[in-house]
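K.L.:
sequence below, structure please.
(chains A and B, ligands or ions: 2)
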Amino acid sequence: MTVPVLSARNIGKSYGSGANRFDALTGVSVDIHSGESVAIVGKSGSGKSTLMHLLALLDDPDTGELLVEGTDAKKLKGKEVNRLRNQDFGFVFQQFFLTANASVLDNVVLPLKIAGIGPKERKARGMAALEQLELADKARNKAINLSGGQKQRAVIARALVNNPKVIFADEPTGNLDTATGAVVEDILFALNKDQGITLIIVTHDSDLAARCDRQIYIRDGREDPTRSPEALAKPAGGHA
Amino acid sequence: MKFIDIITSAIANSFRSKLRTGLTVVAIFIGAFTLTITSGIGTGVTSYINSQVSAIGAADVLTVSKADDAAAATDDGPAPYDPDKATAISLGNGSRPGSTIQALTTADLDTIRATDGILSVDPSVQVTPEYIEYADSGKFELTVNAAATLTTADLAAGEQLDNESTADEILLPTNYLDTLGFSTPETAIGETVTIGITDFAGTAQQVPATVVGVQNETILGAGAGLNQTLTDRLREVELSGTSVEAAQSYATATARFDLDATDAEITAIKDDLADQGYASQTVADQIGSFETVINVIIGVLNAFAVIALIAAGFGIINTLLMSVQERTREIGLMKAMGMNGGRVYALFSTEAVFIGFLGSALGALVAVGVGSLVSNILASTVFENLPGLQVVQFAPSSIAIIIGVVMLIAFLAGTLPARAAARQNPIDALRYE
Ligand SMILES: Nc1ncnc2c1ncn2[C@@H]1O[C@H](COP(=O)(O)OP(=O)(O)OP(=O)(O)O)[C@@H](O)[C@H]1O
Ligand SMILES: [Mg+2]
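P.N.:
Ligands and ions are numbered 1, 2, ... in the order given. Okay, here's the model as predicted:
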């Protein structure tokens, strides 16, 4: 058995303090192996995004520990964390987070710019990523002028432009109609199969969850191994 | 993120909210404009004074007079009469009317001459000619610049006065030319003018003099300059028929010392003279007080400009805080993508510095344009009689310093918002609505 890329041991996270204290996550343990596709499933407000953020080193757990390829995340230096976020991880957030007035290409190459890659290579790699998502013709357009599905594809192009090992996708199809959602799903699973990119997908959509190798069910901030995909067929509530 | 990318991103970001950036730039513009103009006036006036001081030139000259009789001034009433002392003498131009100082006698001159470090002493002689005349131009009043023999004139044509020459030489100011009938300064050179002077008996006499040079007007003593030979000749005419003793007292004397003397040596000479009862001043001493006044005025103007800039600094803080808030998610995204806090800080600081640069560069540029224009207009109207005075002058170094200082203020103002941006937690920032 290889060392998991990411491993959470009994992690917990609470927000607020005193009477307002709210435990968003309690005692969750997860192992993510290289090349896997894992779905984090649960109702709205159950703590899925919180878990994903902790796994992606975007936030620190209050309890428990998180291991990155066997190393305790707490022991990693700020520089190393930034390198992981920049080079090993790709993010697709629940909202798109595109800079509205910048061009699609500029949005896509942001991780490369942060990495300090020169403009020529940035452009070449950005265009390649857009090509892969059939968005090359929109490269010069302002991000604000894209349709919902195009925005989601632009965000995926940004997530994979720096050739990450792991892509974290928070509700990648949540804002899309079924047909467009299916296209985006196909793109993500193709990346997983063809390029061996580990996928961590947060979703409340049982069909999408079912396409993943493995599902982690979250309920009220805890792992819920008893829940079956069928029980989630009718998702409750919308999204913040 | 590369340095160049930080700069280009910061510049692009500052143009995202054009109105807000524009208003902040205007605030900085006003401060920088004022600062540039005041510093320009400082440079202009100082350089004019310096050129005047170098016109006075003689750095090796002390003006010596008898020091006030300390005893006489205070409680004891008037000092007892001493027949050996010279009589009080009224000072010429510039002193309080009716005020007198003790006159210098020939014995005093000998004492001064004997003082260590003094090379030579000449009594300052004042002559009061009646008129000047050239060809058929008619007779005009002649004012004599008593300091002319000490100074190096700012010449429009011709040469300096030669005190060693045996010829009677006169240096005319430019505003005498038209009246006397010279079309250009050059045509006056070498011509002979006639000076009319009345002797002690009241008889008008005429003394011819050769024009050796034409001098631009200065703020320091107007009038024609006469060389020592001509002065002596005129004084001789004035005094013809008086008793010899009366000619032997002078208000002041001019003492020369070594041109290479250090400040300490000059002070030593002055102290030495003071011990012997003589007051002495160098040209620099006389000019110094004038410069101090100008420096104070410029200092006050600069203080106002700095206040304007501090106000503009708060404008920058405000602009950037809004910008940080507006871009909270973007900052969160960049941090989530591995941008470190230092770079985020650099990004916002650079934006502040760029806004500062934009305001100060525009302010300085417009100030140079407006200042030069106003200065030229003033030079040909209000200051027409002071050739060479450009009230507003710009030194590239001081403009560079102003832009630099404004950029520094902008950087300091940007520190607070930039820190706020750099410290943001990526997740809190991404959750921000
Ligand atoms: N910064 C915060 N302060 C307080 N409460 C928070 C904060 N972030 C999240 N929470 C709470 O933690 C719980 C879990 O939030 P999380 O975003 O992980 O839910 P989720 O499972 O992703 O829901 P959804 O499917 O709607 O996105 C929610 O009840 C939420 O209100
Ligand atoms: Mg969520």
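K.L.:
name the SS class of the spatially most central residue of chain A, please.
P.N.:
In chain A, the centroid-proximal residue (CA atoms, centre = their mean) is residue A:168; its distance is 1.8 Å. Under DSSP: H, G, I helix; E, B strand; the rest coil, the three-state class of residue A:168 is strand.
K.L.:
repeat for residue B:167
P.N.:
Using three-state DSSP, the three-state assignment for residue B:167 comes out as coil.
K.L.:
ok, now which ones touch it?
P.N.:
Residue B:167 makes contact with B:210, B:227, B:229, according to CB atoms under 8 Å, 6 or more residues apart in numbering or on different chains. In short, each C-beta sits where N, CA and C put it, glycine included.
K.L.:
got CSV for those residues, with pLDDT and neighbour count too?
P.N.:
Below are the contacts of residue B:167 laid out as CSV (pLDDT from 0 to 100; neighbours: other CB atoms under 10 Å in any protein chain shown):
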residue, pLDDT, neighbour count
B:210, 91, 16
B:227, 85, 25
B:229, 86, 18
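K.L.:
tell me how many other residues surround whichever residue of the stretch 51-200 of chain B sits closest to chain A.
P.N.:
Residue of the stretch 51-200 of chain B nearest chain A, by CB to the nearest CB: residue B:51 (53.1 Å). Using other CB atoms under 10 Å in any protein chain shown, residue B:51 is surrounded by 14 other residues.
K.L.:
now swap in residue B:258 and tell me
P.N.:
Residue B:258: 13 surrounding residues under other CB under 10 Å.
K.L.:
contacting residues for it?
P.N.:
Neighbouring residues of residue B:258 by CB under 8 Å, 6+ apart: B:60, B:117, B:119, B:265.
K.L.:
can you pull the contacts of the residue nearest to the centre of chain A?
P.N.:
Going by CB under 8 Å, 6+ apart, the list of residues near residue A:168 reads A:52, A:55, A:56, A:89, A:90, A:91, A:92, A:200, A:202.
K.L.:
SS state for the closest residue to the first one other than its chain neighbours?
P.N.:
If you skip the residues right next to it in sequence, residue A:52 has residue A:202 as its closest partner in space, 5.0 Å away by CB to CB, 6 or more residues apart in numbering or on different chains. Secondary structure, three-state DSSP: residue A:202 is strand.
K.L.:
how about the contacts of residue A:168 in CSV, adding neighbour count and secondary structure?
P.N.:
As requested, the contacts of residue A:168 are exported to CSV (neighbours: other CB atoms under 10 Å in any protein chain shown; DSSP: H, G, I helix; E, B strand; the rest coil):
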residue, neighbour count, secondary structure
A:52, 21, helix
A:55, 27, helix
A:56, 23, coil
A:89, 26, strand
A:90, 28, strand
A:91, 25, strand
A:92, 22, strand
A:200, 25, strand
A:202, 28, strand
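K.L.:
for chain B, state which of those is nearest.
P.N.:
Taking CB to the nearest CB as the measure, chain B lies nearest residue A:91 of the contacts of residue A:168, at 5.9 Å.
K.L.:
the closest one contacts residue A:161, correct?
P.N.:
No: with contact defined as CB atoms under 8 Å, residue A:91 does not reach residue A:161; the gap is 11.4 Å.
K.L.:
coming back round to it: just the ones of the contacts of residue B:167 in strands?
P.N.:
Counting by DSSP state E, those place residue B:210 in strands.
K.L.:
in CSV: the contacts of residue B:167, plus distance to chain A.
P.N.:
What follows is the contacts of residue B:167, written out as CSV (distance: CB to the nearest CB, whole Å):
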residue, distance to chain A
B:210, 77
B:227, 75
B:229, 80
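K.L.:
among the contacts of residue B:167, which one lies nearest to residue A:62?
P.N.:
residue B:227 (97.0 Å; CB to CB).
K.L.:
for the closest one, grab phi and psi.
P.N.:
Residue B:227 adopts backbone torsions of phi -80, psi 170, taken as degrees, to the nearest 10.
K.L.:
ok, it touching residue B:160?
P.N.:
No: in this structure residue B:227 lies outside contact range of residue B:160 using CB under 8 Å: 9.3 Å.
K.L.:
pLDDT weak spots in the stretch 51-200 of chain B?
P.N.:
In the predicted model of the stretch 51-200 of chain B, residues B:52-59, B:68-80, B:82-101, B:147-151 satisfy pLDDT under 70.
K.L.:
mean confidence score for the helix with the most length in chain A?
P.N.:
In chain A, taking DSSP state H as the definition, the longest helix is helix A:178-195. Average pLDDT, helix A:178-195: 89.
K.L.:
so which elements touch that helix?
P.N.:
Counting contacts by 3 or more CB pairs under 8 Å, 6 or more residues apart in numbering or on different chains; DSSP states H and E, helix A:178-195 packs against helix A:148-160, strand A:166-170, strand A:198-203, helix A:206-211.
K.L.:
for chain A, what lies in contact range of ligand 1?
P.N.:
A:15-16, A:22, A:24, A:42, A:44-50, A:94, A:204, A:239-240 (CB under 6 Å from any ligand atom).
K.L.:
tell me which two in those residues are the farthest apart.
P.N.:
Across the residues of chain A next to ligand 1 (CB to CB), the longest gap, 24.2 Å, separates A:16 and A:204.
K.L.:
more neighbours: which of these two?
P.N.:
Using other CB under 10 Å as the criterion, residue A:16 and residue A:204 rank with residue A:204 on top: 22 against 10.
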